[in-house]
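Novice: Provided below are the primary sequence and the corresponding predicted coordinates.
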Amino acid sequence: EPEVTQTPSHQVTQMGQEVILRCVPISNHLYFYWYRQILGQKVEFLVSFYNNEISEKSEIFDDQFSVERPDGSNFTLKIRSTKLEDSAMYFCASSRRVLYGYTFGSGTRLTVV
Amino acid sequence: DAKTTQPNSMESNEEEPVHLPCNHSTISGTDYIHWYRQLPSQGPEYVIHGLTSNVNNRMASLAIAEDRKSSTLILHRATLRDAAVYYCILNSGNTPLVFGKGTRLSVIA
């Protein structure tokens, strides 16, 4: 069964450093998403991406965050200057069409120290 | 997205059916009912979705009330691997999925 692949599985970074989280969505999917989940809390929407542009973003997705689909296969989330409160699991998801099920990756655990 | 109400937690015995309820009294005509689950230390996983008619797939069944104000996810025979948080989400496709707190299902051997 096709999978969404996320790397790395765990990243530790110092406060103020830039991090890039990588995702390889399912190849024939057209819609891409980033979510995050702080330990013990809800899964929160960050951003959705379609047709090479952001289609929607949440209040969490401020100027410190950016997304890119640099080469037609990877989908990346960049955090420019990490804060302690950015520590969370970050999940990438993709779907073939609107209203189709999302396929989520296993996540990247980001720890900011 | 319209709001859903689910019990915080439920418990089931292994190999018995589980009925997970969801209330969504403010559902609109274009809202689909989606169910996802999140196993421990994993990302959410799609389970099933439907609009008006009951739906079945290899994982579960979705029973939708005639007035669409409630629905029930049915796991026909719970296994220990079904222990997870189950999310009922309304979505019309115009916005991304929004996850609530869900129902934590415990399965007892």
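Specialist: That came through, no problem. Residues are numbered from 1 along each chain as shown, chains lettered A, B, ... in the order given.
Novice: can you give me the strands for the chain?
Specialist: No chain was given, so I picked chain A. Using DSSP state E, the strands found in chain A span residues A:5-7, A:10-13, A:19-24, A:31-37, A:43-50, A:53-57, A:65-68, A:75-79, A:88-95, A:103-104, A:108-112.
Novice: meant chain B actually
Specialist: B:9-13, B:18-23, B:32-38, B:45-50, B:55-56, B:61-64, B:70-75, B:84-91, B:103-108.
Novice: please identify which of these is closest to chain A.
Specialist: Chain A sits nearest to strand B:45-50 of all these, at 3.4 Å, using Cβ to the nearest Cβ. Backbone N, C-alpha and C define where each C-beta goes, glycine included.
Novice: outside of the closest one, which residues touch it?
Specialist: Here strand B:45-50 makes contact (Cβ atoms under 8 Å, 6 or more residues apart in numbering or on different chains) with A:99, A:101-104, B:32-39, B:55, B:57, B:59-62, B:64, B:71, B:73, B:86.
Novice: got the strands of chain A as TSV, with distance to residue B:103 and mean pLDDT columns?
Specialist: As requested, these are exported to TSV (distance: least, Cβ to Cβ, whole Å; pLDDT from 0 to 100):
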stretch	distance to residue B:103	mean pLDDT
strand A:5-7	26	97
strand A:10-13	28	98
strand A:19-24	28	98
strand A:31-37	17	97
strand A:43-50	14	97
strand A:53-57	27	96
strand A:65-68	31	97
strand A:75-79	29	97
strand A:88-95	20	98
strand A:103-104	18	98
strand A:108-112	24	98
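Novice: so which of those is nearest residue B:27?
Specialist: Between residue B:27 and the strands of chain A, the tightest spacing by Cβ to Cβ is seen for strand A:43-50, at 19.8 Å.
Novice: direction included, what does that closest one pair against?
Specialist: Sheet pairing for strand A:43-50, assigned by DSSP bridges, gives strand A:31-37 (antiparallel), strand A:53-57 (antiparallel).
Novice: just say which of these is most tucked in.
Specialist: strand A:31-37 (a mean of 24; mean count of other Cβ atoms under 10 Å in any protein chain shown).
Novice: quick one: contacts for the closest residue to residue A:104 other than its chain neighbours?
Specialist: Closest residue in space to residue A:104, ignoring its immediate chain neighbours: residue B:43 at 3.5 Å, by Cβ to Cβ, 6 or more residues apart in numbering or on different chains. Residue B:43 is in contact with A:89, A:91, A:93, A:104-107, counting by Cβ under 8 Å, 6+ apart.
Novice: of the residues you listed, closest to residue A:47?
Specialist: Looking across the contacts of residue B:43 and measuring by Cβ to Cβ, the closest to residue A:47 is residue A:93, at 10.9 Å.
Novice: what's the closest non-adjacent residue to residue B:59?
Specialist: Among residues not flanking residue B:59 along the chain, residue B:47 sits closest, at 5.4 Å (Cβ to Cβ, 6+ apart).
Novice: let me fix that: residue A:99
Specialist: residue B:93 (4.2 Å).
Novice: in contact with the one you found, which residues?
Specialist: A:98-99, B:30, B:32.
Novice: and of the strands of chain A, who's closest to residue B:99?
Specialist: Of these, the one closest to residue B:99 (Cβ to Cβ) turns out to be strand A:43-50, at 4.0 Å.
Novice: return the set of buried residues in the closest one.
Specialist: A:43-49 (16 or more other Cβ atoms under 10 Å in any protein chain shown).
Novice: of all the residues you listed, which comes closest to residue B:79?
Specialist: Of the buried residues of strand A:43-50, the one sitting nearest to residue B:79 (Cβ to Cβ) turns out to be residue A:43, at 23.5 Å.
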